[in-house]
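1. pasting the sequence and the predicted coordinates here, then a few questions.
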Amino acid sequence: MEWYLIVAFKIVEETTNSLERVEDTKNSVDEDSVSNGRREFSPVQGPALPLLQKIACLSSEIENLKRDHTSLLHHVKSISTDSFPGPDVLDTLRLLNNEHELLKKKYVDVSSERKQLYNEVIELKGNIRVFCRCRPLNKAENANGSTSVVEFDSSQENELQIVSSDSSKKQFKFDNVFKPEDNQEAVFAQTKPVVTSVLDGYNVCIFAYGQTGTGKTFTMEGTPENRGVNYRTLEELFRVSKDRNGIMRYELFVSMLEVYNEKIRDLLVENSNEPPKKLEIKQAAEGGTQEVPGLTEAQVYGTEEVWELLKSGARVRSVGSTNANELSSRSHCLLRVTVKGENLINGQKTKSYLWLVDLAGSERVGKIEVDGERLKESQFINKSLSALGDVISALASKSGHIPYRNSKLTHILQSSLEEIILTGIQNEGGDCKTLMFVQISPSSSDLGETLCSLNFASRVRGIESGPARKQSDISELFKYKQMAEKLKQDEKETKKLQDNLQSVQLRLAAREHICRALQEKVKDLENQLAEERKTRIKQETRAFAATSTQSTLKQVAVKTKTEKKPPLAPSKMRMPLRRISNFVPPQSPRPPQKKNTMRTTMAASEGKENTQRTTMTAPTNAKMLMIPRRMSIAVRPTPSTTQAIQPKRRVSIATLRPETSSHMTTPLHTSLSRHQNGNAIGRQSLMRDPRKARYSKLFSPMPELNTALESTPTAMRCSSKFMGSPPTQAPGSWKPKHPTVVALQRKTLVWSPLKARGMKNYRRSLLPSQTFN
Ligand SMILES: Nc1ncnc2c1ncn2[C@@H]1O[C@H](COP(=O)(O)OP(=O)(O)OP(=O)(O)O)[C@@H](O)[C@H]1O
């Protein structure tokens, strides 16, 4: 602008100068002509004419120049007023400049906030997301009449049910479920948000898993008519990067490799006939990511170029024919898209990877009937897939060690499965985004494989990772961890208790076994006893018959008849033996004690050889000391090694009560006498023991018996069914007649193995306690 003004001013200046010069010339000419005119005016006027013409020309020239001058002046004037900004304009310009800077800064802030929010949305949906896609029944399946075992309930979104052969249904839920009729667009619409994260600097990994022939390659690669996730992803990346043009500058690079039999092969080599380069995974210096040195990395600028690259890579891929898929992928195919981004506003640089993985089919070797090379391939495939499962499990359980290096597949995907690495001015932390497509077949013939795949996918879906979830409530996570710890402890304790319970149950079983054996023994003994009783009754009946013939004893017989006790009830009518249990039975009530009649039963064991049982009624009165006493002794013969245990024999012995009680041979009496001899309080202490006190009462006088004894001859005194015994009977064959004595004689006398073992607790339960009545 300034030069223009300067030029204008110069022109005006020059015009003014020339005007002045012209004016000067004109004036000088006029002066000359006046002087000359005076001189030439008189007689000679001819030579003045050219000068006048010259003046006239110059005058018109002056007029022209004057006009130009005026117009130039106007022009200059207009330039100076219209073109130069005033101070207001300059102020506005300054303000606008400031505002522009502010907006730039705001944009950077908002764009990073958008990135963050977008990332959070992805994380809230799940950093590891699982989509299930079911392919339609194919021609072969339709031809052989296979039915679909997959059911989709429209009311339950993202769920599917597998109908088993027994009509039972198993339900599965995923982040998205695609039915056979869902097309490639529908599938990619749900995939898109995850994919575009890579442009924000996040690592993304998408892989397709499933049985062979279920559509993994169809989903990832697609066909020219139905392009898959790989192509659509790159198309979307180009679209978004174009949208962000001017703010972000992106560069996209594509690599394609396959892991075949645990070897890495570059699929983008120029000449596929060349021997394959040996590629290895190396830890990169920057950020510790996994790199494959020597792997072709082609920069791509447009979708068509990408499509050509994908096609050429797919052509080189190892495929083979199995009976499950004519073009079965025998390797894991990995397409890596490297995105380098630069923020044009703040200069921030990012580098992120997007892995698009078409896994080899998870097949059962037996099912697809392969052998030779195919078998070897299948083994490698299954090994690497199980390594992937292990990594996922370890991630799910937040294990300290994740076995990435167990296979080439997991090793190469390590950084994509763990954390995002951003290079440049600013590093942003965060987990990578993983999306898995679990591909299934609807056919009933693939039911087993379908269930396996769905179970694996459910396990993957169980991984709850991602900073949004982690950061959303760290205390909650800590609480869960503690709960898990407690659960582990509880489980341990439960196991311990179960072990204890088992050992107690074993001991109980052993005890019950012993108890059963003992019960059987008791039953045997009861039978023996019944036998013995029968024999005895017979003997007694015979003795009674013999005595009843004697007429001299008629009167006595009449008397005895009134006192005679009814014969013992048959064994069936007696109280049954109590069942042996492991519990101590409650104390049985004491038998009612008759006034003046005391009874005791004592069992005395004399070693293992025999067992004696003594029953007696004993008055302590001096007179009564002479009353013949009767002791019943059960004798068990010495067990011999060659003979079975003989039934014990019982003998009844009538004895005379010795002069002093100290001569009693019963255990009670022995103990009593020991007390008496030892110290004076012996008896008192004995009396304090209720059982012993009961025994001691036995030795108190019985008035009833005393009277009878006074009025009846010794041989006749006892009222019993044995009253018929002749008076001439020898003292050894004396039979008591008193009902109590007789009853005591009849009391069941049992040799119990429990007694022999000292099992006192069982005594009450095994021995009848009511035989005294
Ligand atoms: N959703 C679908 N719609 C139509 N056709 C499909 C679908 N999914 C798969 N197919 C067809 O099924 C056949 C097998 O698919 P594909 O080769 O993708 O299976 P795969 O899982 O990759 O098998 P492999 O593991 O053996 O490589 C192909 O012919 C494919 O076109």
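-> Done, it's in.

2. so which residues on the chain come close to the ligand?
-> In this structure, the chain approaches the ligand at residues 135-136, 138, 210, 212-218, 325, 327-329, 360-361, 439, judged by Cβ under 6 Å from any ligand atom. The way it works is simple: take the backbone N, C-alpha and C, and place the C-beta from them, glycine included.

3. could you flag which of those residues are buried?
-> For the residues of the chain next to the ligand, a burial check counting by 16 or more other Cβ atoms under 10 Å picks out 135, 210, 212-218, 325, 328-329, 360-361, 439.

4. lowest-confidence one in the residues you listed?
-> Across those, the bottom pLDDT score, 54, is held by residue 325.

5. what's the next secondary structure element after the helix or strand of the chain with the lowest mean pLDDT?
-> Among the helices and strands of the chain, helix 467-472 carries the lowest confidence by mean pLDDT, DSSP states H and E, at a mean of 35. Sequence-wise, the next helix or strand downstream of helix 467-472 (DSSP states H and E) is helix 474-548.

6. just the CA coordinates for the helix or strand harbouring residue 315, please, in CSV.
-> Per DSSP H and E, residue 315 falls inside helix 303-316. Below are the C-alpha coordinates for helix 303-316, written out as CSV (Å, rounded to 0.1, in the frame of the first residue of the first chain):
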residue,chain,number,x,y,z
THR,A,303,-9.3,-48.2,0.2
GLU,A,304,-8.7,-49.6,-3.2
GLU,A,305,-5.1,-50.0,-2.5
VAL,A,306,-5.9,-51.7,0.8
TRP,A,307,-8.3,-54.1,-0.9
GLU,A,308,-5.5,-55.2,-3.3
LEU,A,309,-3.1,-55.7,-0.5
LEU,A,310,-5.6,-57.8,1.5
LYS,A,311,-6.3,-59.9,-1.5
SER,A,312,-2.7,-60.5,-2.3
GLY,A,313,-2.0,-61.5,1.4
ALA,A,314,-5.0,-63.8,1.5
ARG,A,315,-3.7,-65.6,-1.7
VAL,A,316,-0.5,-66.4,0.1
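
7. just the strands in the stretch 151-300 of the chain please.
-> For the stretch 151-300 of the chain, strands defined by DSSP state E, counting those that start in this stretch occupy the ranges 159-163, 169-173, 176-178, 204-210, 248-260, 263-266, 282-283, 290-291, 298-300.

8. flag the shaky bits of the stretch 351-500 of the chain, pLDDT-wise.
-> Counting by pLDDT under 70, the stretch 351-500 of the chain has low-confidence residues at 363-372, 396, 418-432, 463-478.

9. in it, which residue sits closest to the ligand?
-> Shortest the stretch 351-500 of the chain-to-the ligand distance, computed as Cβ to the nearest ligand atom: residue-wise this is residue 361, at 2.9 Å.

10. just say helix, strand or coil for that residue.
-> The three-state label given to residue 361 by DSSP: H, G, I helix; E, B strand; the rest coil is coil.

11. would you confirm that it contacts residue 381?
-> Yes: between residue 361 and residue 381 there is a contact under Cβ atoms under 8 Å: 7.1 Å.

12. and residue 338, how far from the ligand?
-> The gap separating residue 338 from the ligand is 25 Å, by Cβ to the nearest ligand atom, to the nearest Å.

13. mind telling me what element that residue is part of?
-> Assigned by DSSP H and E, residue 338 belongs to strand 332-343.

14. so that strand versus strand 204-210, what angle?
-> 160 degrees (axes from the mean of the first three to the mean of the last three Cα atoms, to 10 degrees).

15. what about the helix holding residue 315, average pLDDT?
-> Per-residue pLDDT over helix 303-316 has a mean of 85.

16. what sits up against it?
-> Helix 303-316 has contacts (Cβ atoms under 8 Å, 6 or more residues apart in numbering) with 221, 227, 230-231, 234-235, 238, 254, 256, 265, 267-269, 272, 298, 300, 333, 335.

17. strands of the stretch 351-500 of the chain, residue ranges please.
-> Taking DSSP E, counting those that start in this stretch, the strands of the stretch 351-500 of the chain run over residues 433-440.

18. residues in contact with residue 56?
-> With Cβ under 8 Å, 6+ apart as the criterion, no residue contacts residue 56.

19. okay, buried residues for the helix or strand hosting it please.
-> In this assignment (DSSP H and E), residue 56 forms part of helix 49-82. Residues of helix 49-82 classed as buried by neighbour count (16+ other Cβ under 10 Å): 58, 62, 65, 69, 72, 76.

20. measure residue 193 to the ligand for me?
-> Counting by Cβ to the nearest ligand atom, the gap from residue 193 to the ligand is 21 Å.

21. then residue 116?
-> Distance, residue 116 to the ligand, by Cβ to the nearest ligand atom: 36 Å.
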